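1. here is the input, now give the coordinates:
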Amino acid sequence: IWSLAAIRDSRSTATRLSKISEPSQKKRKCSKAPSAQIHNSKVEVVMMSVEEKKRSNGAAKDEKSVEIHHKDFDLKNYSKDYRGITKVKRLVFIGKRCPEVRLAAFRSAITELKKSRDIELYTETISLAREYFGEKLGEEWGFDKSWVDNKRNEYNAKERGLADKIETHRRDEDSHEEILAAYKALIDFLQESGNFREALIKIRDSQDFARTSEQKLYTRLAEMENAVQLDLNNSRIIMHVSLPKWTAELTREFGSLKSVQAKIHVINGLYSLQRGEFENAAHRFKLVSFDLNCPTIISKRDVAIYGTLCAMASFQRAQLQLNLLKSGEFKKFMSLVPGLIEMVQDFVQCKFRKAFEFLERLKMDIQLDFHMAKHQEKIYEKIHELAVVQYFAPFSHARISRMAEVFGVTQGEMEKTLVALIGRGAVSARIDNYNKVVIARHYNARTETYKKSLEAGTSYVRDLKTLLMRMSLHANDFSIKYSDEGAYKNPEMKRLHPEGLDVDVI
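-> Reported below is the predicted structural model:
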């Protein structure tokens, strides 16, 4: 049933995509259609892709409706840190949001795409650019039908040849190394062509032929890197990767050990970030080695900004001092962003006004970031609230006007923040609205002890009365039996008799 449902979903998806353009339609036809005996992993990927399509369509509408006017944004310097599909996605994202660099961003994205084999993304990007600019986009960046036809023919021939090579190795029962090498060639080709869902299926198929720790590491890393190009919210990323004691052969294959670890921490950090788990993300980015070199996923500058903001949104000031300012490795990343170290120092030293002024200047860069944009408001809100909580902790009372001055906001905004924090229980205090003073509520251990004792006594009396009633029923010849449906609607009786009771008169 699941397989047939997946087939219907994949066919409906292919029908919708065929309406985009002729090249998109032909590119879809070159991949193998799922059969009735489809593998479990293939069912999972097909169903996942349908859900991703719905989510991406909604996200695209939101991105198009938001405009960030950043006149000083240096697109050329920004884009040089990325390669491949990641560079294209970031350029298109910036083009959708920033009118000042929109034309340059789309032109750069189209130029980059013509270096790849991704026909579908090339067609979609040009279609989107034309919505904004029409013929003003320029003939050089217009739709190149001959390029599309050549790439499509190359795709059909090479994909079929690589797939046949795998089947030949498997039929001839060749060594696992030869089969895995054939899979690797096909996976790399599919990724270059932008067919990451099919590549994910092949990666999972290749895991059956991974025998050594080196081969297992390759398939695991390949799956994680591939998932980054899909939707991180839906893709199944391996969260806990055991790092064995690798041999010299493994080190030669994957470069230095630190770079492999760095890539694993980065991917897991991005996964935690997309899920809104800022503390986990901060710990992951903090562990990244400065030997990191994966421009197809992330830049070193991104690691500094992501790790710092996630840490500020979840760590206490003492933790920031220990994990950021005293961390020699992560401090190297922070030094790549001018003013970032000084901002954290100001935050730790309670110079919140200066820290928040820097965050405000950084805000537009964050709003143009592919991964951080949708979390910007929540992260900034958490940073402000955590700062207020830590600032007020040692005081018995504080004037709202003075707090507003410290945080660089108006008195009304400060009061609104305090009301929200008190309402959630983050700050144990009350507000004297007449004098505009926040007064701390002190914990009274004796009162709390009496309160808990009274609650325990009340509960004991209630349970005892219930048991006495049960004994009285027995004494008066009532037969009590358990029932799956349960006769009691009283929450307390359900708590005492979760299976339910039926009472019959004899």
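
2. strands of the stretch 1-150 of the chain, start to end?
-> According to DSSP state E, counting those that start in this stretch, the stretch 1-150 of the chain carries no segments that qualify as strands.

3. the chain now?
-> Along the chain, counting by DSSP state E, strands occupy 397-399, 429-432, 437-440, 478-482, 501-505.

4. could you report the distance from T449 to L464?
-> Remark: distance between T449 and L464 (CB to CB, to the nearest Å) = 23 Å. The way it works is simple: take the backbone N, C-alpha and C, and place the C-beta from them, glycine included.

5. again, but for E198
-> Distance, E198 to L464, by CB to CB: 67 Å.

6. who has more neighbours out of these two?
-> Set E198 next to L464 and count neighbours by other CB atoms under 10 Å: E198 wins out with 20 against 10.

7. can you check the pLDDT for the more buried one?
-> If you check E198, the pLDDT there is 89.

8. does I119 touch N153 like I think?
-> No. With contact defined as CB atoms under 8 Å, I119 does not reach N153; the gap is 10.8 Å.

9. between the two, who's got more neighbours?
-> I119 (25 against 12).

10. need the pLDDT of that one.
-> I119 is given a pLDDT of 91.

11. same deal with D484?
-> pLDDT, D484: 49.

12. kindly report the same for M372.
-> M372 is given a pLDDT of 93.

13. and for M403?
-> 89.

14. how about the nearest residue to it, chain neighbours excluded?
-> Spatial nearest neighbour of M403, excluding adjacent residues (CB to CB, 6 or more residues apart in numbering): M414 at 5.3 Å.

15. thought that neighbour was touching R399?
-> No. Applying CB under 8 Å as the test, M414 and R399 come out as separate, 10.1 Å apart.

16. so which of the two has more stuff around it?
-> More neighbours surround M414 than the other of M414 and R399, with 22 against 14 (other CB under 10 Å).

17. which residues touch the more buried one?
-> 400, 403-404, 407 (CB atoms under 8 Å, 6 or more residues apart in numbering).

18. make JSON lines out of those residues and add distance to D477 and neighbour count.
-> Converted to JSON lines, the contacts of M414 look like this (distance: CB to CB, whole Å; neighbours: other CB atoms under 10 Å):
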{"residue": "I400", "distance to D477": "69", "neighbour count": "20"}
{"residue": "M403", "distance to D477": "71", "neighbour count": "22"}
{"residue": "A404", "distance to D477": "73", "neighbour count": "18"}
{"residue": "F407", "distance to D477": "73", "neighbour count": "19"}
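
19. adding distance to E159, write the residues you listed out as TSV.
-> Formatted as TSV, the contacts of M414 follow (distance: CB to CB, whole Å):
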residue	distance to E159
I400	66
M403	63
A404	63
F407	58
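
20. so which of those residues is the closest to S213?
-> F407 (51.8 Å; CB to CB).

21. for that closest one, which non-adjacent residue is closest in space?
-> Leaving aside its sequence neighbours, F407 sits nearest to F352 (CB to CB, 6+ apart; 5.1 Å).

22. what about the one you found, how many neighbours?
-> 22.

23. before we move on, what about R204?
-> Around R204 there are 20 residues (other CB under 10 Å).

24. the stretch 201-350 of the chain: helices as residue ranges?
-> Taking DSSP state H, counting those that start in this stretch, the helices of the stretch 201-350 of the chain run over residues 213-229, 248-254, 257-274, 278-286, 300-312, 317-320, 328-334, 340-348.

25. just the stretch 351-500 of the chain next, same as before
-> Going by DSSP H, counting those that start in this stretch, the stretch 351-500 of the chain shows helices at 352-367, 376-392, 400-407, 411-424, 445-475, 491-496.

26. ok, now the stretch 1-150 of the chain?
-> 2-18, 22-29, 40-65, 75-79, 84-97, 102-113, 119-133, 145-171.

27. how far away is the closest residue in space to F196 that isn't next to it in sequence from I366?
-> Nearest non-adjacent residue to F196, counting by CB to CB, 6+ apart: Q229, 4.7 Å away. For Q229, the distance to I366 equals 22 Å [CB to CB].

28. ok, now G142?
-> Taken as CB to CB, the span from G142 to I366 is 33 Å.

29. compare these two (neighbour count), which wins?
-> Neighbours were counted for G142 and for I366 using other CB under 10 Å; I366 has more, 20 against 13.

30. separation between that one and T111?
-> For I366, the distance to T111 - CB to CB - is 26 Å.

31. output the below-cut-off pLDDT ranges for the stretch 51-200 of the chain.
-> 51-65 (pLDDT under 70).

32. need the helices of the stretch 351-500 of the chain in JSON lines (columns: distance to T168).
-> Output for the helices of the stretch 351-500 of the chain, formatted as JSON lines (distance: least, CB to CB, whole Å):
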{"stretch": "helix 352-367", "distance to T168": "50"}
{"stretch": "helix 376-392", "distance to T168": "51"}
{"stretch": "helix 400-407", "distance to T168": "68"}
{"stretch": "helix 411-424", "distance to T168": "63"}
{"stretch": "helix 445-475", "distance to T168": "73"}
{"stretch": "helix 491-496", "distance to T168": "65"}
